[in-house]
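J.: My questions concern the predicted model and sequence given below.
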Protein chains: 2
Amino acid sequence: MYRMVSIAEAQETVLKAISPLPSVSLGLSDAVGYILGEDVIAREPLPPFPASIKDGYAVVSADGPGDYDVAFEALAGTAAGHLKAGTVAYITTGAPLPEGADAVVQIENTEKLPPGSDGQQRVRIVKPAKGPGDDVRATGSDIASGEVVLAKGSRIGAAEIGLLATVGAATVQVWRKARVAVLSTGDELVEPDCAQLGPGQIRDANRFMLAAAARSAGCEAVDLGIARDDPAQVEAKFQEAIAQGVDVLLTSGGVSVGDRDFIKPILERQGTVHFGKVCMKPGKPLTFATLNGDAGSSGRGLVVFGLPGNPVSSIVTFNLVVLPALRAMAGWAEPRLRRVHARMQMAIKLDPERPETGESAGELAAVSTGGQISSRLLSMRSANALLELPAAQGLLPAGSLVSALLIDDLGAMTVPEEIPLVVPTL
Amino acid sequence: MYRMVSIAEAQETVLKAISPLPSVSLGLSDAVGYILGEDVIAREPLPPFPASIKDGYAVVSADGPGDYDVAFEALAGTAAGHLKAGTVAYITTGAPLPEGADAVVQIENTEKLPPGSDGQQRVRIVKPAKGPGDDVRATGSDIASGEVVLAKGSRIGAAEIGLLATVGAATVQVWRKARVAVLSTGDELVEPDCAQLGPGQIRDANRFMLAAAARSAGCEAVDLGIARDDPAQVEAKFQEAIAQGVDVLLTSGGVSVGDRDFIKPILERQGTVHFGKVCMKPGKPLTFATLNGDAGSSGRGLVVFGLPGNPVSSIVTFNLVVLPALRAMAGWAEPRLRRVHARMQMAIKLDPERPETGESAGELAAVSTGGQISSRLLSMRSANALLELPAAQGLLPAGSLVSALLIDDLGAMTVPEEIPLVVPTL
């Protein structure tokens, strides 16, 4: 009934159906991880005045070495004084260069002399300035007035926060992030704190895992609990998601071919199912729909991803299809997973029917996390990449170059000994 | 007065002086990003019973193809029934295999037959099971009972949350993360929302940048504001940090050689200064001290990093020395920045005196972010790695292989076109 689409087509379909959420204004301390919704321009040059790079003495460079009266102190945060030739001024790092001065001699290149009989401070310039501008940051040398310091579309990290503070952008326009509701379905599911499983029961892992993944993407997660395998109960949960004004609903389970799979029929009644099957292992039953009407806090409708019930399938399809959608909503220009290349450290058996996305704990050297079964969440433990393996017969030999999609921060691995790092040579 | 230590020695000194913070108990939804402080063991096998992998029919595999009565329905979340040879049971994905059955035939390999005259449901097995176990997950095949699913020291991501939920670990012991106070010093500094700079003034960037960096590491940041260049005011801020019970204090500015640099003398009076100068550009005046007594919420004393005032120097030394300390406090076994190798895409001028850490927007192909001046925060914009360049005369030619330390998530670049990706070939 549903055409099987490739993951690339599925991503394309999703990214076409959604658009960035409205922008919001955030204070500096809350803006990390957001995408900037406006160009940020410097209104003044930085430094706003010629500034000393060192602690030392402001000089007229042509005066050269010798003994000088220290006319005054030029301190950070004060107005620049005026220096006469033949004198110097003590100056601290970042202080405005006095008018008349054209260079700074750092303190290490001077010797303090005994004060004169009138109490006048004196200093010997041992190693003079090389010329005008020595150890001085010219006005605007770091940032020019009118310069775009951060362009619309930039991702805001710590250094970007520093730039925003520098140019006085105490609040910024950023794209809002999605509010994501998470719902598990299945008569077999019980809560994680269930101490004693009943007959046929397992604990619900997907809801907590998907909420954590949504939060890791900076989104707020709303827990809708577990719906039993009962169309009325599932439909009521959909209404609850709409009432809560979320932007995205993630369901897991209930999208396979059996007659106890309710998600697709409900989505068909309430909106548009854009695809209901993808050519990928794991993750085949992945379903994507949009529900319009007055749903969604922005009046833009509700985006629904029906994820498979098997935990590996659900987190893999989250990464491949949902995460790019959440990123696109948050204003990312290129929301897809970053693709790198890696060298297989072991042989891997291929699937003749569907291309496979395996998990790898490797960075540039790919090491499998072990048995790849969609119910076996241990195969995702410590994984930082998904390998893109072709649909083919036989083995992919060790040493093959494979394409990998990054799903975690490579800089944040806690046990690097397990991850053979490879020096790339071109 | 202070011996210049290498960055490696500085890191070593810091990591020796600190230890992991006490562990705390967190609920599943709050544990992402923490390091697990205990082994987590599965109390039951997963699946807890032989479970169907497909929607279809539970069969006795020896029965082979043919037409069968559907004796009952085996649904997810119910107790397993008992199947007699010569009959089949309808079964849904994840449901317990009935006793007596030994395999599942997926629905696609069957044909529904018209009910018998007695209303008995019947089905034709077109393509029989290959043998016992076909499309059945054996008890414990995903997780064995007693298996350590997550070892002490594991970093908890979304997949790990799923594993914890699966085995019923609704709360877990994790290492606490540091509370970090941030203080800027300098008479020249004003708040970012200052619309009109006075003479000699610049806006404070470091405090917001360092707080953002600490928060990005999962820490709580406490804002201590700006201290003027006045020892009494700086000392009062230190007392405030101690009173607030923070674990770490980050100061910026006031650690250079001039006589208006107050931080080191205060640290010497109140505790132990372990180093006060590092052989690195930028970041030379980096200072590290420990203050004991009753400071710190854990009674373990206060750890103080005196970072340089230049914004690039402060964020670079944060990444190289403070971040590993925060990670070690949070229980990371290997807290240092991850080192990779990259190919220079352009020539870079070397510093003959101090080894240099430059910023790169590249992943495996290193591209400079432009002019590298410690006051020029634009040189940190979009940087995802710090290059480790040797102290040497002359140019490092394009094409050189350099060592790089990851400071951002390579998977989270928003504008990949700017980052030439290189396929590593061994």
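T.: Okay, I see it.
J.: And for A:L21, the neighbour number?
T.: If you count neighbours by other CB atoms under 10 Å in any protein chain shown, A:L21 ends up with 21. Just so you know, the C-beta spots here come from the backbone N, C-alpha and C atoms, and that holds for glycine as well.
J.: my bad, A:Q120
T.: Neighbour number of A:Q120 under other CB under 10 Å is 12.
J.: need the contact list for it.
T.: A:69-70 (CB atoms under 8 Å, 6 or more residues apart in numbering or on different chains).
J.: and if you look at A:T185?
T.: Counting by CB under 8 Å, 6+ apart, the residues that A:T185 touches are A:226-229, A:234, A:251-254, A:262-263, A:309.
J.: Recalculate using a threshold of 6 Å.
T.: Shown in contact with A:T185 (CB atoms under 6 Å, 6 or more residues apart in numbering or on different chains): A:227, A:253-254.
J.: A:L150 too?
T.: A:36, A:40, A:160, A:163 are the contacts of A:L150 under CB under 6 Å, 6+ apart.
J.: Repeat the analysis, applying 8 Å as the threshold.
T.: Applying CB under 8 Å, 6+ apart, the residues near A:L150 are A:36, A:39-40, A:156, A:160, A:163-164, B:381.
J.: Return the subset of these lying in helices.
T.: Judged by DSSP state H, the contacts of A:L150 include A:160, A:163-164 as members of helices.
J.: Contacts only, for the residue lying closest to A:P98 once chain neighbours are set aside.
T.: Spatial nearest neighbour of A:P98, chain neighbours left out: A:L83 (4.1 Å); criterion: CB to CB, 6 or more residues apart in numbering or on different chains. Contact analysis of A:L83 by CB under 8 Å, 6+ apart lists A:58-60, A:71, A:89, A:98-101.
J.: give me that answer again for 7 Å
T.: Contacts for A:L83 (CB atoms under 7 Å, 6 or more residues apart in numbering or on different chains) come out as A:58, A:60, A:71, A:89, A:98-101.
J.: Dump the ones in helices among the contacts of A:L150 into a markdown table; add distance to chain B, pLDDT and neighbour count as well.
T.: Formatted as a markdown table, the ones in helices among the contacts of A:L150 follow (distance: CB to the nearest CB, whole Å; pLDDT from 0 to 100; neighbours: other CB atoms under 10 Å in any protein chain shown):
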| residue | distance to chain B | pLDDT | neighbour count |
| --- | --- | --- | --- |
| A:E160 | 7 | 93 | 25 |
| A:L163 | 5 | 95 | 24 |
| A:L164 | 7 | 97 | 27 |
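J.: Kindly provide the distance from A:V367 to A:G399.
T.: Distance of A:V367 to A:G399, given as CB to CB, to the nearest Å: 13 Å.
J.: If you count surrounding residues, which of the two has more?
T.: A:V367 (18 against 11).
J.: quick one: A:A181 and A:A227 touch, right?
T.: No. Under the criterion of CB atoms under 7 Å, A:A181 makes no contact with A:A227, lying 11.8 Å away.
J.: shaky segments in chain A?
T.: Residues of chain A that meet the criterion pLDDT under 70 lie in A:256-260, A:293-300, A:342, A:344-365, A:370-371, A:410-426.
J.: how does it look with 80?
T.: Applying pLDDT under 80 to chain A picks out residues A:254-261, A:292-300, A:338-426.
J.: domain parsing for it?
T.: According to automatic domain parsing, chain A comprises the domains A:7-22+A:176-329, A:33-44+A:143-175, A:51-137, A:339-406.
J.: now those as TSV including distance to B:A195?
T.: Shown next, in TSV, are these (distance: least, CB to CB, whole Å):
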stretch	distance to B:A195
domain A:7-22+A:176-329	27
domain A:33-44+A:143-175	7
domain A:51-137	18
domain A:339-406	41
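J.: what about the ones you listed, which gets the closest to B:G301?
T.: domain A:33-44+A:143-175 (26.2 Å; CB to CB).
J.: what about the residue nearest to A:P98, distance to A:Y68?
T.: 10 Å.
J.: Report whether A:F238 is found in a helix, as I expect.
T.: Yes. The assignment for A:F238 by DSSP: H, G, I helix; E, B strand; the rest coil puts it in a helix.
J.: what residues does the stretch 201-350 of chain A put near chain B?
T.: A:201-206, A:208-209, A:211-213, A:215-216, A:229, A:256-258, A:260, A:309, A:311, A:315, A:332-334, A:337-338, A:340-341, A:343 (CB under 7 Å from any CB of the partner chain).
J.: Would you mind writing the PyMOL command to select the buried ones in those residues?
T.: To isolate the buried ones among those in PyMOL, judged by 16 or more other CB atoms under 10 Å in any protein chain shown, type:
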select buried, chain A and resi 201+202+203+204+205+206+208+209+211+212+213+215+216+229+256+257+258+260+309+311+315+332+333+337+338+340+341+343
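J.: where exactly do the strands run in the stretch 201-350 of chain A?
T.: Along the stretch 201-350 of chain A, the stretches classed as strands by DSSP state E, counting those that start in this stretch are A:202-203, A:220-227, A:248-252, A:272-275, A:287-291, A:302-307, A:339-344, A:348-349.
J.: Those residues of the stretch 51-200 of chain A touching chain B, which are they?
T.: A:55, A:75-80, A:92-96, A:107, A:137, A:142-143, A:149, A:153, A:155, A:157-163, A:165-166, A:168, A:170, A:186-188, A:192-195, A:197, A:199-200.
J.: buried subset of those?
T.: A:55, A:75-78, A:80, A:92-96, A:107, A:137, A:142-143, A:149, A:153, A:155, A:157-163, A:165-166, A:168, A:170, A:186-188, A:192, A:197, A:200.
J.: Looking at these, which are in strands?
T.: If you go by DSSP state E, these have A:137, A:149 in strands.
J.: can you give me the strands in the stretch 1-150 of chain A?
T.: Under DSSP E, counting those that start in this stretch, the stretch 1-150 of chain A gives strands at A:23-27, A:40-41, A:51-52, A:56-59, A:66-74, A:87-91, A:103-106, A:110-113, A:122-125, A:136-137, A:148-150.
J.: Spit out the residues that contact A:L83 and A:Y68 alike.
T.: In contact with both A:L83 and A:Y68: no residue, using CB under 7 Å, 6+ apart.
J.: rewinding a little: what's the most buried one of the strands of the stretch 1-150 of chain A?
T.: Compared across the strands of the stretch 1-150 of chain A, strand A:56-59 shows the largest average neighbour count, a mean of 29 (mean count of other CB atoms under 10 Å in any protein chain shown).
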